[in-house]
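Trainee: following is a predicted model, sequence given first.
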Amino acid sequence: MRGGKIALIVIGSLLGLIGLGLLAGGGFLLWAHETQRDDQGYYTSGVLALRTDTYALTAEGIELADVPDELFAKGRLGQIRIRGSSQNGKDVFFGIAPETDIDAYLENVAHDRVKDIGFTGDVSPDRIEYRRTDGTAAPADPAAQGFWVASVSGAGEQTLNWDVSRGDWAIVAMNADASAGVAVDATVAAKAGFVIWIAVGLLAGGLVILAIGAVLVFFGARSDHRHPPDGAVPHDGEQALSSLAADEETRAPESHPYPVQLEGRIDDRLSRALWLVKWLLAIPHYIVLAFLWIAFAVVTVIAFFAILFTERYPRGLFDFNVGVLRWTWRVAFYSYSALGTDRYPPFSLGPEPDYPATLEIPYPERLSRGLVLVKWWLLAIPHYLVIGVFNGTWGFSRWGWADWGDGNYDWGWTFWGGGLIGLLVIFAAVVLLFTARYPREIFDFVVGMNRWTFRVWSYVALMRDEYPPFRLGR
């Protein structure tokens, strides 16, 4: 596969993910605009039960200093509405003012600041955390202060409305007589007319970017392959697979290999200590593979629908995904999934038959529509358990004080670790460091576990319908 086509698939996949993200964001905002507003167009919180034995409750950190001036014209940015009533029979006071003025007003006055509001899925919060500021002074009459940009006080339910404007603001709830012991039930609501326009913009932008990504993937996936006429010599991997098929005819039925063929040839002489820095040397490959695997995932989703409707895996996409698996295996073989060679892996999706790590997957002419629905999750579960031992995490470690949200702290443990492949490779590396010899039995076992892993990957990536065998060999 040419470099230009690879670039088209990778860039198209990334744009596709961005487009889907924009569509999801726009869809959420459109849903919120249509379903989460009240009759007056406000998005309203659940009832907040605010309690403190101090003189005031504050909510700070409303920063609008960097918003362009034109957004404030005619209340364009939005409005805030606070409704609440006292639960202790006292008149209540709500006010909004610059944060610096409120800090000066409550200097040396005991008060609580709302630090966090927790939800468990319901509209109403089930946990409110405060941060206490101690003091010895009593506050002055709040209604007599001149710095409020909006305020309200009185008995029963009170409603404060404020057109949002530039600045750093804070909200205060107090007893109207400035006494200690504030207990109010309040709701906070916001009106923002621009939400619908952001939703429309995200949806439109997402569709455009998704369409561009789809076009790029389409042109990148257009196969350069043409089925060779009778007597013609097939290309690269097809030649090797044809030879493999010919060899199979002479073997006993029980020796037939699985179509996914992964091989690794250990170097005759390996450096004692190069493995100590291979993590550094392989960083360029890790960066490239990160993007390739994003594209691999997107391509697999596209292939899912293609197989579901046509029973065919688009040839260009198939070749790309095989190339990603080849590249991954070469880097894994060079680095810490085998340490089987000191030859630096080529930056290539092609077969590279001269490299000591090879992987071939023959193209399937037809794939099952039914299997594509279940093989990547349900049927593969037994294999997931096995390769989880090969590659997954294991072991225990201790972690420190954990806040469970109720003020209680405790010690705990977490599951961690490498996997059987990583453990055996590190053991072999230590042996190599001191003896200049890689234990052959460990190498064969490690390659077998990698072979098992890549067979499962190709199966769940919908590239073959044959169920992977439970064995390490071919």
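Mentor: Cool, got the structure.

Trainee: which strand is the longest one in this protein?
Mentor: strand 182-191 (DSSP state E).

Trainee: what is the mean pLDDT for it?
Mentor: Strand 182-191 comes out with an average pLDDT of 91.

Trainee: ok, then the element right after it?
Mentor: helix 195-221 (DSSP states H and E).

Trainee: any stretches of the stretch 1-150 of the chain with poor pLDDT?
Mentor: 1, 61-77, 118-126 (pLDDT under 70).

Trainee: and the strands in it?
Mentor: Here the stretch 1-150 of the chain has its strands, by DSSP state E, counting those that start in this stretch, at 43-44, 48-52, 56-63, 79-86, 92-98, 111-118, 127-133, 150-154.

Trainee: got a list of contacts for stretch 194-210?
Mentor: Stretch 194-210 is contacted from outside by 15-16, 18-27, 29-30, 32-33, 71, 76-78, using CB atoms under 8 Å, 6 or more residues apart in numbering. (Glycine included, C-beta is placed from N, CA and C.)

Trainee: mark which of those are buried, thanks.
Mentor: With neighbours counted using 16 or more other CB atoms under 10 Å, the contacts of stretch 194-210 contain these buried positions: 15-16, 18-20, 22-23, 25-26, 29-30, 33, 77-78.

Trainee: out of these, which sit inside helices?
Mentor: Here DSSP state H is the test, and the buried ones among the contacts of stretch 194-210 give 15, 16, 18, 19, 20, 22, 23, 25, 26, 29, 30, 33 as lying in helices.

Trainee: show me what contacts the last one?
Mentor: Same thing as residue 33. Counting by CB under 8 Å, 6+ apart, residue 33 makes contact with 195, 196, 199.

Trainee: re earlier: helices or strands up against the longest strand of the chain?
Mentor: Strand 182-191 is packed against strand 43-44, strand 48-52, strand 56-63, strand 79-86, strand 168-175, with contacts defined by 3 or more CB pairs under 8 Å, 6 or more residues apart in numbering; DSSP states H and E.

Trainee: most packed of the ones you listed?
Mentor: Compared across the helices and strands packed on strand 182-191, strand 168-175 shows the largest average neighbour count, a mean of 23 (mean count of other CB atoms under 10 Å).

Trainee: stretch 334-350 - what's its average pLDDT?
Mentor: pLDDT averaged over stretch 334-350 gives 96.

Trainee: what's the end-to-end length of that stretch?
Mentor: Using CA to CA, to the nearest Å, one end of stretch 334-350 lies 17 Å from the other.

Trainee: how far off centre is that stretch?
Mentor: Distance, stretch centre to chain centre, for stretch 334-350: 28 Å (CA atoms, centre = their mean, to the nearest Å).

Trainee: so for it, what gets flagged as buried?
Mentor: For stretch 334-350, a neighbour-count test (16+ other CB under 10 Å) marks 334, 335, 336, 337, 338, 339, 340, 341, 345, 349, 350 as buried.

Trainee: take those and keep only those in helices.
Mentor: The helices, defined by DSSP H, take in residue 334 from those.

Trainee: if we take the buried residues of stretch 334-350, which one ends up nearest to residue 454?
Mentor: Using CB to CB, residue 337 comes nearest to residue 454 of these, at 10.2 Å.

Trainee: surely that closest one meets residue 421?
Mentor: Yes: taking CB atoms under 8 Å as the definition, residue 337 is a contact partner of residue 421 at 5.7 Å.

Trainee: which residues do the two both contact?
Mentor: 446, 450.

Trainee: just for the stretch 251-400 of the chain, where's the confidence low?
Mentor: Low-confidence segments of the stretch 251-400 of the chain (pLDDT under 70): 251-256, 393-400.

Trainee: quick one: the helices in it, in order.
Mentor: 278-281, 283-310, 315-334, 369-374, 381-391 (DSSP state H, counting those that start in this stretch).

Trainee: and of these, who's closest to residue 258?
Mentor: Closest to residue 258 of the helices of the stretch 251-400 of the chain is helix 381-391 (CB to CB; 12.4 Å).

Trainee: buried residues of the closest one, list them for me.
Mentor: Judged by neighbour count (16+ other CB under 10 Å), helix 381-391 contains these buried residues: 383, 386, 387, 390, 391.

Trainee: excluding its backbone neighbours, what's nearest the fourth one?
Mentor: Which is residue 390. Among residues not flanking residue 390 along the chain, residue 449 sits closest, at 4.5 Å (CB to CB, 6 or more residues apart in numbering).

Trainee: swap in the third one?
Mentor: Of all residues beyond its chain neighbours, the one nearest residue 387 is residue 453 (4.8 Å), with distances taken as CB to CB, 6+ apart.

Trainee: neighbours of the one you found, just the number please.
Mentor: Residue 453 is flanked by 22 other residues according to other CB atoms under 10 Å.

Trainee: for residue 155, give me its contacts.
Mentor: Counting by CB under 8 Å, 6+ apart, residue 155 makes contact with 86, 91, 92.

Trainee: next one: phi and psi at it?
Mentor: Main-chain dihedrals, residue 155, degrees, to the nearest 10: phi -90, psi 160.

Trainee: could you do residue 464 as well?
Mentor: According to degrees, to the nearest 10, residue 464 has phi -140, psi 150.

Trainee: neighbours of it, how many?
Mentor: 21.

Trainee: also residue 180?
Mentor: Counted with other CB under 10 Å, residue 180 comes out at 16.

Trainee: residue 163 now?
Mentor: Residues near residue 163, counting by other CB under 10 Å: 15.

Trainee: verify the stated contact: it with residue 96.
Mentor: No: with contact defined as CB under 8 Å, residue 163 does not count as touching residue 96 (10.6 Å).

Trainee: picking that back up, what's the closest of the buried ones among the contacts of stretch 194-210 to residue 146?
Mentor: Checking the buried ones among the contacts of stretch 194-210 against residue 146 by CB to CB gives residue 77 as the nearest, at 24.6 Å.

Trainee: tell me the contacts of the closest residue to residue 38 other than its chain neighbours?
Mentor: Closest residue in space to residue 38, ignoring its immediate chain neighbours: residue 44 at 5.6 Å, by CB to CB, 6+ apart. For residue 44, the contacting residues are 38, 187, 188, 189, by CB under 8 Å, 6+ apart.

Trainee: chain center to stretch 292-303: distance?
Mentor: Counting by CA atoms, centre = their mean, stretch 292-303 comes out at 15 Å from the chain centroid.
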